[in-house]
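K.L.:
This is a predicted model, with the sequence first.
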Amino acid sequence: MEQKERKIIEYFLRVYDPELLELFEAEDFDFPPNRILFQLIKNYGIRYGNTPSFEVLTQQLQEVKRVRNFHELEASYIAETLSSAFTSPPWREDEVEFWKDYAFEYLRARRIEKALRSAASSIREDRFDNVLETVRQLIRLEKGKVEFENWGESVEKRKLLAEELWSIRKIPTPFSSLNLLLRGGLCPGQLGVIVAPPKIGKSFLLVLLGDEAAKRGFNVLHMTLEMSADEVLFRYDTRASGGRYTLDEIQQGRFDPEVVLKGISKRKGRVVVTDVSTRRCTLATIEALYDKAEEREGVQFDVLLLDYANLVRADFGDNLYKNMDIVSSELHSFAKEKNVAIWTIARTNRSALVGTVQKQHIGESYALMYNCDVLLSIEPAPSDDARKREEKERRELMADKMGFSVSDRKKKEEEILIGDDDDDETPFGKRKLLMRCLFIRNAPHFGKIMTFLMDYKKVDFEILHCHISEKLSPEELKRALENEQVVLR
């Protein structure tokens, strides 16, 4: 809590924000030094219309010390806060906006928590007028956040914003069909989630995403909460061997290290893998390990792969849904704060084992949809026979609704069932999978993305069918491929 409040104090020291200063009160902070610092900042802003300088704040703190002594911990905390605010590099415009939103969300959460306690107490004492006043205060708080933009006056601003967004270097995936849908790849600061039933190969997909990012020159941190780091690295080694060795051969040590090292040298980016204890892995654990990894490797990571989100625990949350809601929200904030693209995986419930993965199959992971930027699902691709049965059932239902006779319906069924009964089984160690889009922020497509053949032995894949290209006209497809520099294969 102290660290969250420190960032908000740092925001007010860096940015003069009269609107938020008016909304905040010193009592909104838990840690006493933060209350003192905020009150000094607010008083200075009201009087002089700016943020206090380091010298001014130091002088004011000296005056406070005449009436209140700071113990050693408080003095050290204040010194660190001022040092971070006044000596660190200036924030970018997007970082300023992020911390402004962060400060407001913190304030709103604090006020709601306070309001609920106050309302509960008022209801017990039959003071319902106080409850109404509490609700009005929360409404005023929301109104303070509202911004208005005139349609005609903000066109140039939107043009610059659009150009800036398009200029961001995106992290492509190994799947060209998905890159086409994502308009190049996942952006830094975004959270992508892949949901799938158990034992379908979710962890394999993260390795494919990490390896592709490294090939393109991006630095990758792969956190595994389920397997050991060595197990994950064996899969990366299999990828680096270029198909010369299977995963079994790598795991049994029957490979030439020079072959793997040669493959690794062709990756322009760096891949770092760490395994995290699942006993009590919180967002604080992930943040600490992320910072430690960057310090150890001396690089800034572009991609964070988290295997997997369901094993992360929130600091509070009395049920699985609430836990996932908090975790995904914090992950999204972490992605923006660190300017890193995050891919994670999540499980579906058992009902997804027998059909198409839908939003209702995500179970407690459903909360992810409200906090992520990309939500994909993976499921076994239906066989030819299964597709025929599904189509037959659909036609039967339509025939009943339209009042067809039994003979007419049989004719329809015969038309559907015409075709070869080829065996649809895949080779050993391979499986046909279907990727669907459940949700993508600012993207117009929902439904099938691609059908692909996953090769678990060689940790590889082959795209069998790109469904995205069917949704676009030839002109739209050509323009999209040129603009996003995506090559369909």
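P.N.:
Great, that's in hand. From a predicted model like this one, the values you see are computed outputs, not experimental measurements. Numbers count the residues shown, from 1 in each chain.
K.L.:
Just give me the longest helix of the chain.
P.N.:
Longest among the helix segments of the chain by residue count, using DSSP state H, is helix 93-124.
K.L.:
Could you list every helix and strand in contact with it?
P.N.:
Helices and strands touching helix 93-124, by 3 or more C-beta pairs under 8 Å, 6 or more residues apart in numbering; DSSP states H and E, are helix 2-14, helix 18-23, helix 128-145, helix 320-338. Quick note: C-beta positions are derived from backbone N, CA and C, even for glycine.
K.L.:
does residue 42 belong to a helix or a strand, and which?
P.N.:
Assigned by DSSP states H and E, residue 42 belongs to helix 32-48.
K.L.:
Pull up the pairing partners for the biggest strand by length in the chain, direction included.
P.N.:
Ranked by residue count under DSSP state E, the longest strand found in the chain is strand 430-440. The pairing partners recorded for strand 430-440 under DSSP bridges are strand 374-380 (antiparallel), strand 447-455 (antiparallel).
K.L.:
After the longest one, which helix or strand is next?
P.N.:
Tracing the chain C-terminally past strand 447-455 and defining elements by DSSP H and E, one meets strand 460-466 next.
K.L.:
Quick one: mean pLDDT for that following strand?
P.N.:
Mean pLDDT, computed over strand 460-466, is 92.
K.L.:
Same check on stretch 449-457?
P.N.:
For stretch 449-457, the mean pLDDT works out to 93.
K.L.:
try stretch 344-364
P.N.:
In this model, stretch 344-364 has a mean pLDDT of 61.
K.L.:
now swap in stretch 161-168 and tell me
P.N.:
The predicted model gives stretch 161-168 an average pLDDT of 73.
K.L.:
okay, the strands paired with strand 430-440, which one's buried deepest?
P.N.:
A comparison of these by mean neighbour count, using mean count of other C-beta atoms under 10 Å, puts strand 374-380 on top with a mean of 23.
K.L.:
neighbouring contacts of it?
P.N.:
Residues from elsewhere that reach strand 374-380 (C-beta atoms under 8 Å, 6 or more residues apart in numbering): 178, 182, 186, 190-197, 200-202, 205, 348, 352, 356-357, 368-369, 431-441, 449.
K.L.:
and residue 212, how many neighbours?
P.N.:
Neighbour count for residue 212, taken as other C-beta atoms under 10 Å: 22.
K.L.:
From residue 286, how far out is it?
P.N.:
Separation of residue 212 from residue 286 (C-beta to C-beta, to the nearest Å): 22 Å.
K.L.:
What of residue 447?
P.N.:
Residue 447 sits 32 Å away from residue 286, going by C-beta to C-beta.
K.L.:
got it, and residue 53?
P.N.:
As for residue 53, its distance to residue 286 is 36 Å (criterion: C-beta to C-beta).
K.L.:
just residue 272 next, same as before
P.N.:
Separation of residue 272 from residue 286 (C-beta to C-beta): 14 Å.
K.L.:
Neighbour count for those two, which is higher?
P.N.:
Comparing residue 272 with residue 286 by other C-beta under 10 Å, the one with more neighbours is residue 286, at 22 against 17.
K.L.:
Near the residue lying closest to the more buried one once chain neighbours are set aside, how many other residues are there?
P.N.:
Excluding the flanking residues, the one nearest residue 286 by C-beta to C-beta, 6 or more residues apart in numbering is residue 223, at 6.6 Å. Neighbour count of residue 223, defined by other C-beta under 10 Å: 25.
K.L.:
Check which helix or strand residue 223 maps to.
P.N.:
Here residue 223 is assigned to strand 220-224, by DSSP H and E.
K.L.:
What are the contacting residues of the helix or strand that that strand is followed by?
P.N.:
Once the chain leaves strand 220-224, the next helix or strand it forms, by DSSP H and E, is helix 229-240. Applying C-beta under 8 Å, 6+ apart, the contact partners of helix 229-240 are 203-204, 207-208, 210-211, 222, 224, 245-247, 250-251, 255, 260-264, 267, 271, 273-275, 307, 458-460.
K.L.:
in the protein, which residue is closest to the centre?
P.N.:
Most central in the chain under C-alpha atoms, centre = their mean is residue 191, positioned 1.9 Å from the mean C-alpha point.
K.L.:
who does that residue bridge with?
P.N.:
Per DSSP bridges, the residues bridged to residue 191 are residue 342.
K.L.:
That one against residue 335, yeah?
P.N.:
Yes: counting by C-beta atoms under 8 Å, residue 191 touches residue 335, with 5.1 Å between them.
K.L.:
so what sits against both of the two?
P.N.:
Residues touching both residue 191 and residue 335 by C-beta under 8 Å, 6+ apart: residue 342.
K.L.:
which residue packs closest to residue 375, ignoring adjacent ones?
P.N.:
residue 439 (4.0 Å).
K.L.:
quick one: the one you found from residue 193, how far?
P.N.:
Noted for residue 439: a distance of 9 Å to residue 193, by C-beta to C-beta.
K.L.:
returning to that earlier point: and the angle for the longest helix of the chain with helix 2-14?
P.N.:
Interaxial angle, helix 93-124 versus helix 2-14 (axes from the mean of the first three to the mean of the last three C-alpha atoms, to 10 degrees): 120 degrees.
K.L.:
dump the residue contacts of residue 10.
P.N.:
By C-beta under 8 Å, 6+ apart, the neighbours of residue 10 are 81, 84-85, 99.
K.L.:
Likewise for residue 107?
P.N.:
Residue 107 makes contact with 20, 23-24, 28, 141 under the criterion C-beta under 8 Å, 6+ apart.
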